[in-house]
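Participant: Based on what follows, work out the 3D shape:
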Amino acid sequence: MSSAPAPASSPRELRRVAAATVIGTTIEWYDFFLYASAAGLVFGELFFKPAGPQAATIISFATVGVSFLFRPLGAFLAGHFGDRLGRKAMLVITLILMGAATTLIGVLPTYAQVGMLAPVLLMLLRILQGLSTGGEWGGAVLMAVEHAPGNRRGLMGAYPQIGVPVGLLLASGVLALMTGVISPGAAFLEWGWRIPFLLSFVLVVVGIFVRRAVEESPVFAEISERKEQTRVPIVQLFKKHWLLVILAALTFAGNNAAGYMTTGGYIQNYATTPIAEGGLVGMERTPVLLAVAGASLVWLAVTFFAGAISDRIGRRNTYIAGWIAFLAVIFVLFPLVNTGNVWLLFLGLALFAIGNGLTYGPQAAYFAELFPASIRYSGVSIAYAIGAILGGAFAPMISAWLVAETGTSLAVAFYIAGVMAIAFVATLLLRDRTGIPLGPEHEEIQQRGHFVWEKAA
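Facilitator: Residues are numbered from 1 along each chain as shown. Below you'll find the model as predicted:
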């Protein structure tokens, strides 16, 4: 398939876009992963202790998942206004919403201080995080991909994608600093956990400054100039492309279920729960957080490589390589974690990060090339949000329940492998559309040829 002509974006503007998308998504996902890690490490004790150790852990992870249920609403709202008013405005709004919610978590009273009000407030703020995340990703990836030349979409789309492992690295690093240096032991439980949440305020101010300096996506600028905005893009999306949304969501579900073994706080909790409290490994918090941070670097490198290589070998082929890498490692991960050796824990997470990167790096360009220009923000955001619910929303909670019921992590490995297998099949059913023209003048081509049983566009 021939590539679209390069947009008019100058090299300088491309650098601005790359910086704005990676910085913004890093901040968004720092906030998101900070909550997930804290849910695995301290929220059960601080907000849900009366339920008992195992139940408190499961409830804590359930709050991680509940926010995913509100991602579609965030995706609907951001998609609607993003397709009508532009990508840039939504990026600033979602960043402010996430930063405000995260900062407020840092000043929440605990259950011991105000009783049931504490978990209720925590849940409300987590919902706001879910709304923000549902709208953030679509705007960030479209700003990157729609600014890019046709033969560099995978590379440019990798910038917002690497913001995710950088966010995990930053969240894990800050938490490790707090648990190991600034507020070790009981001090972390008393006050140290709050500092990383309060730090979000500073990061968000920086992110807003950077994002406001970026020009609007050239694709949306052309849509606006032509006055071709769709009145109700969500209705058009599900009327014409409902099956496409479902299959795209399933491809992301596999990546998300697997990724949330680490980003959802499950491995952190699994590896650090004391044996006396029903844990199977009983490691110290700081080494585990450092191992997660180290694996995040591997995830970052592979994500960036995968985005770039997808420009050469195609998005679909890169995805397929990722599913194979995932399935080759999933049954090795937990035996390595169960050794209680921090280096073997890091090895397991690093191997796991290879599949994670290969299926995440090309995703921005992959989703952008699936949907027509007039409903693209809605399409990529809603497919992403639904995939997150099907895959990652309750993966940590389900995994904790499986271990509690079976007493072994093997059940978790089979569960994750099953979700990956479904995603693999969905990937095989979608046609590779690498290089398809993205502008509104090519809407007719963008409307067809998505599935392997159809004629290619």
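Participant: Phe32 against Leu131, yeah?
Facilitator: No. In this structure, Phe32 is not within contact of Leu131 by C-beta atoms under 8 Å, at 11.9 Å. Quick note: C-beta positions are derived from backbone N, CA and C, even for glycine.
Participant: And these two? Which one has more around it.
Facilitator: It is Phe32, of Phe32 and Leu131, that has more neighbours when counted by other C-beta atoms under 10 Å, with 28 against 22.
Participant: in stretch 18-30, what counts as buried?
Facilitator: Judged by neighbour count (16 or more other C-beta atoms under 10 Å), stretch 18-30 contains these buried residues: Ala18, Ala20, Thr21, Val22, Ile23, Gly24, Thr25, Thr26, Ile27, Glu28, Trp29, Tyr30.
Participant: Is it possible to get TSV of those that adds distance to Arg448, pLDDT and secondary structure?
Facilitator: Formatted as TSV, these follow (distance: C-beta to C-beta, whole Å; pLDDT from 0 to 100; DSSP: H, G, I helix; E, B strand; the rest coil):
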residue	distance to Arg448	pLDDT	secondary structure
Ala18	32	85	helix
Ala20	33	83	helix
Thr21	29	84	helix
Val22	33	87	helix
Ile23	37	83	helix
Gly24	33	79	helix
Thr25	31	83	helix
Thr26	36	87	helix
Ile27	38	83	helix
Glu28	34	77	helix
Trp29	34	80	helix
Tyr30	40	87	helix
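Participant: Just the closest of those residues to Leu73, please.
Facilitator: The nearest member of these to Leu73, counting by C-beta to C-beta, is Glu28 at 16.7 Å.
Participant: in the stretch 351-457 of the chain, which ranges drop under the pLDDT threshold?
Facilitator: 457 (pLDDT under 70).
Participant: for it, what spans make up the helices?
Facilitator: Taking DSSP state H, counting those that start in this stretch, the helices of the stretch 351-457 of the chain run over residues 363-370, 376-391, 395-406, 410-429, 443-446.
Participant: who wins for proximity to Thr272 among these?
Facilitator: Taking the helices of the stretch 351-457 of the chain one by one with C-beta to C-beta, helix 395-406 is closest: 13.0 Å.
Participant: For that closest one, C-alpha coordinates in CSV please.
Facilitator: Only the C-alpha atoms of helix 395-406 are listed here, as CSV (Å, rounded to 0.1, in the frame of the first residue of the first chain):
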residue,chain,number,x,y,z
ALA,A,395,-6.8,-8.5,35.7
PRO,A,396,-5.0,-7.8,39.0
MET,A,397,-8.2,-8.6,41.0
ILE,A,398,-8.9,-11.8,39.1
SER,A,399,-5.3,-12.8,39.5
ALA,A,400,-5.4,-12.2,43.3
TRP,A,401,-8.7,-14.2,43.5
LEU,A,402,-7.2,-17.1,41.4
VAL,A,403,-4.2,-17.4,43.7
ALA,A,404,-6.4,-17.2,46.8
GLU,A,405,-8.6,-20.0,45.4
THR,A,406,-6.0,-22.3,44.0
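Participant: Tyr360: how many residues sit nearby?
Facilitator: Neighbours of Tyr360 under the rule other C-beta under 10 Å: 27.
Participant: That one contacts Ala306, doesn't it?
Facilitator: Yes. Tyr360 lies in contact with Ala306 (C-beta under 8 Å); the separation is 7.1 Å.
Participant: got any residues that touch both of these two?
Facilitator: Gly322 (C-beta atoms under 8 Å, 6 or more residues apart in numbering).
Participant: which residue is nearest the middle of the chain?
Facilitator: Geometric centre of the chain, nearest residue: Val164, 6.1 Å, by C-alpha atoms, centre = their mean.
Participant: rewinding a little: may I see the buried residues of stretch 18-30 arranged in TSV, with distance to Ile195 as well?
Facilitator: Putting those into TSV (distance: C-beta to C-beta, whole Å) gives the following:
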residue	distance to Ile195
Ala18	30
Ala20	27
Thr21	27
Val22	24
Ile23	21
Gly24	22
Thr25	22
Thr26	18
Ile27	16
Glu28	19
Trp29	18
Tyr30	13
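Participant: Out of those, the closest to Tyr266 would be?
Facilitator: Nearest to Tyr266 among these: Trp29, at 16.6 Å, using C-beta to C-beta.
Participant: quick one: contacts for that closest one?
Facilitator: Trp29 makes contact with Gly163, Val164, Val166, Gly167, Leu168, Ala171, according to C-beta under 8 Å, 6+ apart.
Participant: quick one, phi psi at the residue nearest to it when sequence neighbours are not counted?
Facilitator: Distance criterion C-beta to C-beta, 6 or more residues apart in numbering; nearest residue to Trp29, sequence neighbours excluded, is Gly167 at 3.0 Å. Main-chain torsions, Gly167, degrees, to the nearest 10: phi -60, psi -40.
Participant: For Gly167, give its distance to Leu300.
Facilitator: Computed as C-beta to C-beta, to the nearest Å, the Gly167 to Leu300 distance reads 10 Å.
Participant: Could you do Leu410 as well?
Facilitator: For Leu410 relative to Leu300 (C-beta to C-beta), the value is 29 Å.
Participant: Compare these two and say which one has the larger neighbour count.
Facilitator: Leu300 (22 against 14).
Participant: quick one: contacts for the more buried one?
Facilitator: Leu300 makes contacts with Ile162, Pro165, Val166, Leu169, Gly357, as judged by C-beta under 8 Å, 6+ apart.
Participant: And for the fourth one, the neighbour number?
Facilitator: So the one you mean is Leu169. 23.
Participant: Now that it has come up, it's in contact with Ser296, right?
Facilitator: Yes. At 3.8 Å, Leu169 counts as touching Ser296 under the criterion of C-beta under 8 Å.
Participant: Glu28 touches Leu95, doesn't it?
Facilitator: Yes. Contact criterion C-beta under 8 Å: Glu28 and Leu95 qualify, at 6.5 Å.
Participant: Common neighbours of the two, please.
Facilitator: Listed contacts common to Glu28 and Leu95 are Ser132, Glu136; contacts here mean C-beta under 8 Å, 6+ apart.
Participant: chain center to the helix or strand containing Leu121, what's the gap?
Facilitator: Using DSSP states H and E, the element containing Leu121 is helix 117-147. With C-alpha atoms, centre = their mean, to the nearest Å as the basis, helix 117-147 stands 10 Å off its chain's centre.
Participant: i'd like the first residue to be 829 from this point on
Facilitator: Got it, first residue is 829 now, which makes that one helix 945-975.
Participant: Just the mean pLDDT for that helix, thanks.
Facilitator: For helix 945-975, mean pLDDT is 86.
Participant: For burial, what's the neighbour tally of Pro900?
Facilitator: Close neighbours of Pro900, defined as other C-beta under 10 Å, add up to 20.
Participant: excluding its backbone neighbours, what's nearest it?
Facilitator: In this structure, Pro900 finds its nearest non-sequential neighbour in Ala1213, 4.4 Å apart by C-beta to C-beta, 6+ apart.
Participant: correct me, but that neighbour touches Gly907?
Facilitator: No. Counting by C-beta under 8 Å, Ala1213 does not reach Gly907; the two are 9.1 Å apart.
Participant: This completes my enquiry, with thanks.
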